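S.K.: just to be clear, the model below is a prediction. Sequence and coordinates:
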Amino acid sequence: MEIKTALTYDDVLLVPQKSDIVSRQDVNTSTQLNKKISLKIPIISANMDTVTEADMATAMSLAGGIGIIHRFCDIATQAKEVAKVKRKQNIVIDNPFYVSPTSTLTDVKEKIKEYNCKSFLVTDNSQKLLGILTPRDVTFIKNENALVKDLMTPQDKLITAHHDISPENAKKLMRENRIEKLPLVDHEFKIKGLITAKDIIKNYNNIGASKDNKGRLIVGAAIGVRSDYMERAEALIKADVDVLVLDIAHGHSSNAVNAIKAIKNKWPDVEIIGGNIATGQAATDLIKAGVDAVKVGVGPGSICTTRITTGFGVPQLTAIMNVYQAAKKYHVPVIADGGVKQPGDMVKALGAGADSIMMGGQLSGTKESPGLPITYHGRQYKISRGMASLTAALARPDAKEKLKEITPEGVEARVPYRGPVENILGQYIGGLRSGMSYGNARTVEELKNNTKFIRITNAGSRESHSHDNEVL
C-alpha cells in the first residue's frame, strides 16, 4: 500500500509574489457561497449550538458573510430563528404581523413580547386592512381589556400604496406624508406587505451586508439526514431560508446522497450545501446528487476528536486541494470547514481552492454566540462544544435509550469571551486583504490562480511565530 503525505495549514507557507497592488483596500474579498448566493466576505459561522442562532446569523450577514442556524432544537424553534434574521431588515415585509380588531390590549402586549414588534396592522378574517396599531395609540391606556378597534388608527386615516410600488416612490410618499409605516394593499384593500422607514434606512446604511433580492439579510440553516429532515426542510423553506446545509459528520455516505436527492426532488430550486467530505470522489458524488456547494473537513475543528476516536480524516489543506480539483470541473464552490486558527490559515485555505471558510471555535466566545458569559478565576468565558461531544449527544431526545451506543467525537471547552463578533471578523478580513496583496491577487479567484505553496519544517513553523522575546 502506498502511503501518501497529507498537509495542513501549519505545514506550509505561501510564497510572496511581485505585487502591483498599491493598497490592501484595493482588493475585493467577495466570493460565491454557492452558485446563486454571493458574499462580501468569505466567512460563514458554523451550525453549532454554541455558535449560531439568530443573533450570530444577523451579525454575520450584516458584516457581509452568512450564519448557519444549528438544528439541535425542535423544528418550530429553528424556523423562528431563521424568521428573526429575515425580518431584521427588509425593503418590503411580505408577511407583516397583524392583530384582530377584537383583540384586547393584553393580547397585544403578549404579541409584542412574542414577536419583539411594537406595531401591528389590524385586519379582518379575509386579511382586509382595517387600521394600524402603533405605540402612540396605546400610550397611557390603562384599561387592559380595551379593544384594538377602539384604539387603532382607522383605515380612512391611513396612507397606503398599491403593492407594486417601487421602493423609491414608496420613500417619496412616506416623506411627503411624514409617515413611518406604509401598508401595501391590492385593489380589494387586502394586505400584501408593509414598508417601514426604519427598514429603508437600514437597507441604505448596510450596503455591505449580505442581502437577498428583497433587501432582507440572508441566512442558512442545518438539517440532518434521518427521521424528520424532510419536515424540517419544509419548515425552513417556508421561513424563507436562503440555503440548507446538510449536517452530517461523514458526508460521503448513502444517507447523505439519498437525503440530497429527496430534497432536490421535492424542492428543485432550494440551495443545498453538502458535506462534510475530504476527497475528490466525495465531491463528485455529492455534486451529481444535486448539491450547490460542498463543505470540506473531517476532523480539523478545534473541538473535534473524530480523527482520534475513529482514526479517519485527511489534514485540511490536502483535503481542500483534493476536493477543489473535482469541484472546479462542475463550477461548484468549496467551503473549508474547521482548522482555521488565525487569519493566515484562511488565506491558505482560499489559496488552496476554497471559496469561503466556516468557523466555529473562533466565533464561539463572542457576544453574539448563544449562552451567557461565565466567570472562572476572574476571567470571562463562554462554553463551546462539538456537536458530536458527549453533552451534545445527551441533549438529544433519544439519548437515554441510546446511552450505551454514544461514542463522543468532540469535546466541551471554555473559550475566552471576545466581545462583539465584528472585532474577530475585522481581524480576519484585515489579514486576508494583506495576504491578497502579498499574492498580487485582487480577487479570491486570482488568489487561487497565483498561489504557490512551500513546505516548511518545524523550525520554519517556530520561526513564523513571534520568538526570542517576551510578548507584552
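M.R.: Right, received. Where do you want to start?

S.K.: what about residue 8, how many residues nearby?
M.R.: Applying other C-beta atoms under 10 Å, we find 17 residues neighbouring residue 8. Yep, even glycine has a C-beta here, placed from its N, CA and C like the rest.

S.K.: show me the contacts for the nearest residue to it once chain neighbours are set aside.
M.R.: Once flanking residues are discounted, residue 8 sits nearest to residue 315: 3.9 Å by C-beta to C-beta, 6 or more residues apart in numbering. Residue 315 makes contact with 6, 7, 8, 11, 300 under the criterion C-beta atoms under 8 Å, 6 or more residues apart in numbering.

S.K.: go on, residue 358?
M.R.: Contacts here follow C-beta under 8 Å, 6+ apart; on that basis residue 358 touches 43, 44, 45, 46, 68, 295, 297, 335, 336, 337, 338.

S.K.: wait, a helix at it?
M.R.: No - using DSSP: H, G, I helix; E, B strand; the rest coil, the assignment for residue 358 is strand, not a helix.

S.K.: may I have the beta-bridge partners of it?
M.R.: Under the criterion DSSP bridges, residue 358 forms beta bridges with residue 44, residue 337.

S.K.: if I look at it, what pLDDT would I see?
M.R.: Note on residue 358: pLDDT of 98.

S.K.: so how many other residues sit close to residue 114?
M.R.: With other C-beta under 10 Å as criterion, residue 114 counts 10.

S.K.: and it, how far from residue 122?
M.R.: 17 Å (C-beta to C-beta, to the nearest Å).

S.K.: can you check residue 344 too?
M.R.: Here the distance between residue 344 and residue 122 works out to 56 Å (C-beta to C-beta).

S.K.: more neighbours, these two?
M.R.: residue 122 (24 against 19).

S.K.: got the contact list for the spatially closest residue to residue 167 that is not a sequence neighbour?
M.R.: Distance criterion C-beta to C-beta, 6+ apart; nearest residue to residue 167, sequence neighbours excluded, is residue 91 at 5.3 Å. Residues in contact with residue 91, defined by C-beta under 8 Å, 6+ apart, are 167, 195, 199, 200, 203, 214, 215, 216.

S.K.: number of nearby residues for the spatially closest residue to the second one that is not a sequence neighbour?
M.R.: The one in question is residue 195. Distance criterion C-beta to C-beta, 6+ apart; nearest residue to residue 195, sequence neighbours excluded, is residue 182 at 4.5 Å. Using other C-beta under 10 Å, residue 182 is surrounded by 22 other residues.

S.K.: could you do residue 229 as well?
M.R.: 22.

S.K.: tell me which of the contacts of residue 358 is nearest to residue 447?
M.R.: residue 336 (13.2 Å; C-beta to C-beta).

S.K.: can you pull out the strands in the stretch 351-472 of the chain?
M.R.: Taking DSSP state E, counting those that start in this stretch as the test, the strands found in the stretch 351-472 of the chain are 356-359, 374-376, 379-385, 412-416, 453-455.

S.K.: how about the fourth one, which residues are buried there?
M.R.: Of the residues in strand 412-416, those with enough neighbours to count as buried (16 or more other C-beta atoms under 10 Å) are 413, 415.

S.K.: between it and strand 379-385, how many degrees?
M.R.: Taking axes from the mean of the first three to the mean of the last three C-alpha atoms, to 10 degrees, one finds strand 412-416 and strand 379-385 inclined to each other by 140 degrees.

S.K.: so how far is strand 412-416 from its chain's centroid?
M.R.: Relative to its parent chain, strand 412-416 has a centroid offset of 22 Å by C-alpha atoms, centre = their mean, to the nearest Å.

S.K.: mind giving me the packing neighbours of it?
M.R.: strand 379-385 (3 or more C-beta pairs under 8 Å, 6 or more residues apart in numbering; DSSP states H and E).

S.K.: before we move on, what about the last one?
M.R.: Judged by 3+ C-beta pairs under 8 Å, 6+ apart, strand 453-455 is in contact with strand 12-14.

S.K.: contact partners for the closest residue in space to residue 217 that isn't next to it in sequence?
M.R.: Spatially, and ignoring its direct neighbours in sequence, residue 217 is nearest to residue 61 (3.9 Å; C-beta to C-beta, 6+ apart). Applying C-beta under 8 Å, 6+ apart to residue 61 gives the contacts 67, 85, 209, 210, 211, 217, 218, 219.

S.K.: how much space separates the fifth one from residue 226?
M.R.: If you measure residue 211 against residue 226 using C-beta to C-beta, the figure is 33 Å.

S.K.: more neighbours, those two?
M.R.: Set side by side, residue 211 and residue 226 show more neighbours around residue 211, with 21 against 8, by other C-beta under 10 Å.

S.K.: how much space between the more buried one and residue 191?
M.R.: Taking C-beta to C-beta, one finds residue 211 at 23 Å from residue 191.

S.K.: try residue 217
M.R.: Counting by C-beta to C-beta - residue 217 and residue 191 are separated by 23 Å.

S.K.: the more surrounded of those two?
M.R.: The residue with more neighbours, out of residue 217 and residue 191, is residue 217; 26 against 23, by other C-beta under 10 Å.

S.K.: isn't the more buried one up against residue 54?
M.R.: No - between residue 217 and residue 54 there is no contact under C-beta atoms under 8 Å: 10.2 Å.

S.K.: overlap of the contact sets of the two?
M.R.: If you check residue 217 and residue 54 against C-beta under 8 Å, 6+ apart, the residues they both contact are residue 85.
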